[in-house]
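**Student:** Sequence and predicted model, in that order:
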2 protein chains.
Amino acid sequence: MSAREAGRPWRVLVIDDEPIMAAAHADFVARVPGFECVAVAGSGQEGLRELDAQSAAGTPVDLVLLDMNLPDLHGLDVARRIRGRGSTVDIIAITAVRDLAVVRTAVSAGITQYLIKPFTFAMFAAKLEGFDRFHSSLTAGAATQDSIDSAFAALRPQTSAALPKGLIRETLEQIADLLQSDAAAGRGSRSATEVAEALDMSRVTARRYLEHLSASGQAGRRPRHGTRGRPEFEYAWAAAD
Amino acid sequence: MSAREAGRPWRVLVIDDEPIMAAAHADFVARVPGFECVAVAGSGQEGLRELDAQSAAGTPVDLVLLDMNLPDLHGLDVARRIRGRGSTVDIIAITAVRDLAVVRTAVSAGITQYLIKPFTFAMFAAKLEGFDRFHSSLTAGAATQDSIDSAFAALRPQTSAALPKGLIRETLEQIADLLQSDAAAGRGSRSATEVAEALDMSRVTARRYLEHLSASGQAGRRPRHGTRGRPEFEYAWAAAD
DNA sequence: GCGCACGTGAACAGTATGAACTCAAGGAGT
DNA sequence: ACTCCTTGAGTTCATACTGTTCACGTGCGC
């Protein structure tokens, strides 16, 4: 049961400094039934003003989609200021930042969901629907441990994103993790053969997954020249955003 | 892998005005492996002081068990003040209050888990283990959407104690015990077929239960590469304890 | 005693893997 | 400048495990 079936849609504020991304997010919001994008802000300050303005107008925002990477304030600061004003509005972080400290801090600032760019519409919609289910579960009468548990369970990310056939989530994670830790350690890139050896799998398999990462823009691929023979391709984790 | 196996235990502060309840909670904490109750506070102010004192002493608190019903301050106010000081310590609400507004506000104050009195030790331990899994998942390298999703999943209750249909508690315990003793013996992981043979059941059944453990975050699953043919999955106990 | 609900496992279709192969691309030698 | 030669890219396919379906006990309620 969606709480919005019979009522007004959830009012969403998008905060993102890149107009193209902001528009894309607003468009995504509009495509999810029961949600409505009521405003777009291009900076943290503007977001806070917009939040106040909507409240003053008697149409408070229910949900904020907050980019972490803003020109004036860090997203975490925006979240803290929102809380500092006593607002309990829900916040979903949308960001390319992969820093674990940011994730932990976000959680402590009452950010209930965390979405890393790039993402598909399905992944996006899943977060919004989780928000909807969470609040729907909390509308009825008194709280029991069960009702609270099932409400919190709505915020639980469901094992997402259908992979193309022939790929296994765990294997993809292994390879993505390897590339990411390489990138974090400044280690440069690896060829399919090197990845295969490092993870104890065949070159064919490593290549299949690397090719997927490359095709989906998560990894870059360039030929390694200078040696004899056909040039080897080397793969590296794509820079965030 | 539990983060606490090789390091110090998680440091827990209990805030509850009733001495009997406070002592009971402290006792429960001590009974969960990897957790240690470092202080008990009988009021909100005392809790805040204790939090500061521990930080000043270089032994910051990792987790606060916070009663909502305190004599001096409401638990929500305590949480807000903790956040106001810039602390990102984790907070689990423990309360008899069944007010839904409190639950919603608690979430916005960065309270990640909510436990309603009265509760059993198993329910209590589940929350603490969720906290442990959340932080263990966030220790490694850079974040991916997958790693963040599985970390957040650790904070969300698997929909109540009711097992999914088709599963029986005794069988689940058998399999969980096997994986746990494997982990304790440093034996590495087992495939569904190996578990089935060890416990004299069919692979299909073993898989059903292993899949449940994996989906609920209690067990990890990785493909076993290197041989021809479709890879076998091997399961290993993941949760604390 | 009869039916109904439910957990189990045999059988089967589906699918990810790596060995072995062919093909492609660049440098080295003349 | 042309060919040779080296070396990895990309593909094919047998293979082994996965994931699902469905008929069969088994126990419980009526």
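**Tutor:** All right, it came through fine.
**Student:** Please count neighbours and contacts with C-alpha atoms only from this point.
**Tutor:** Noted.
**Student:** just for chain A, where's the confidence low?
**Tutor:** Scanning chain A for pLDDT under 70 picks out the ranges A:1-6, A:140-143, A:157-162, A:239-241.
**Student:** Would you mind giving the domain segments of it?
**Tutor:** By the record's domain assignment, chain A is partitioned as A:10-154, A:169-237 (automatic domain parsing).
**Student:** want to throw the ones you listed into a markdown table with mean neighbour count?
**Tutor:** Formatted as a markdown table, the domains of chain A follow (neighbours: other Cα atoms under 10 Å in any protein chain shown):
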| stretch | mean neighbour count |
| --- | --- |
| domain A:10-154 | 19 |
| domain A:169-237 | 17 |
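**Student:** Put together JSON lines for those, with distance to residue B:175 on each row.
**Tutor:** Putting the domains of chain A into JSON lines (distance: least, Cα to Cα, whole Å) gives the following:
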{"stretch": "domain A:10-154", "distance to residue B:175": "24"}
{"stretch": "domain A:169-237", "distance to residue B:175": "22"}
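**Student:** Which among those is found nearest to DNA strand D?
**Tutor:** domain A:169-237 (3.0 Å; Cα to the nearest atom of the strand).
**Student:** Any residue of that closest one touching DNA strand D?
**Tutor:** Yes - contact between domain A:169-237 and DNA strand D, assessed by Cα under 7 Å from any atom of the strand, occurs at A:191, A:192, A:193, A:204, A:228, A:229, A:230, A:231, A:232, A:233, A:234.
**Student:** wait, isn't the second one in contact with residue A:203?
**Tutor:** Yes - in this structure, residue A:192 sits in contact with residue A:203. The criterion is Cα atoms under 8 Å, and the distance is 5.9 Å.
**Student:** can you give me the end-to-end distance of stretch A:93-100?
**Tutor:** 13 Å (Cα to Cα, to the nearest Å).
**Student:** Now do it: distance to the chain's middle.
**Tutor:** 7 Å (Cα atoms, centre = their mean, to the nearest Å).
**Student:** contacting residues for residue A:235?
**Tutor:** Residues in contact with residue A:235 (Cα atoms under 8 Å, 6 or more residues apart in numbering or on different chains) are A:179, A:189, A:190, A:191, A:192, A:210, A:214, A:219, A:220, A:221, A:222.
**Student:** For my notes, confirm it occurs in a helix.
**Tutor:** No - counting by DSSP: H, G, I helix; E, B strand; the rest coil, residue A:235 is not found in a helix; it is strand.
**Student:** Against residue A:193, how distant is it?
**Tutor:** 11 Å.
**Student:** Could you count how many residues lie near the closest residue to DNA strand C within chain A?
**Tutor:** Nearest to DNA strand C in chain A, going by Cα to the nearest atom of the strand, is residue A:166, at a distance of 2.1 Å. Using other Cα atoms under 10 Å in any protein chain shown, residue A:166 has 8 neighbouring residues.
**Student:** Next, check the residues of domain A:169-237 next to DNA strand D against the strands and list the overlap.
**Tutor:** With strands taken from DSSP state E, the overlap with the residues of domain A:169-237 next to DNA strand D comprises A:191, A:232, A:233, A:234.
**Student:** Tabulate the residues you listed (JSON lines), appending distance to DNA strand C.
**Tutor:** Below are those laid out as JSON lines (distance: Cα to the nearest atom of the strand, whole Å):
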{"residue": "A:191", "distance to DNA strand C": "15"}
{"residue": "A:232", "distance to DNA strand C": "9"}
{"residue": "A:233", "distance to DNA strand C": "10"}
{"residue": "A:234", "distance to DNA strand C": "13"}
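**Student:** what does chain A put close to DNA strand D?
**Tutor:** Counting by Cα under 7 Å from any atom of the strand, chain A sits next to DNA strand D at A:191, A:192, A:193, A:204, A:228, A:229, A:230, A:231, A:232, A:233, A:234.
**Student:** what about the residue nearest to the spatial centre of chain A, which SS state?
**Tutor:** Geometric centre of chain A, nearest residue: residue A:115, 1.3 Å, by Cα atoms, centre = their mean. Classification of residue A:115 using three-state DSSP returns strand.
**Student:** Quick check: residues of chain A near DNA strand C?
**Tutor:** Remark: the part of chain A in contact with DNA strand C comprises A:165-168, A:171, A:200-206, A:225-231, using Cα under 7 Å from any atom of the strand.
**Student:** returning to what we had before: and which of the ones in strands among the residues of domain A:169-237 next to DNA strand D is nearest residue A:11?
**Tutor:** Of all those, residue A:234 has the smallest distance to residue A:11: 45.6 Å, by Cα to Cα.
**Student:** what residues are up against that closest one?
**Tutor:** By Cα under 8 Å, 6+ apart, the neighbours of residue A:234 are A:189, A:190, A:191, A:192, A:221, A:222, A:223, A:224.
**Student:** and of the ones in strands among the residues of domain A:169-237 next to DNA strand D, the nearest to residue B:119?
**Tutor:** residue A:191 (53.5 Å).
**Student:** Does that closest one touch residue A:233 like I think?
**Tutor:** Yes - at 5.7 Å, residue A:191 counts as touching residue A:233 under the criterion of Cα under 8 Å.
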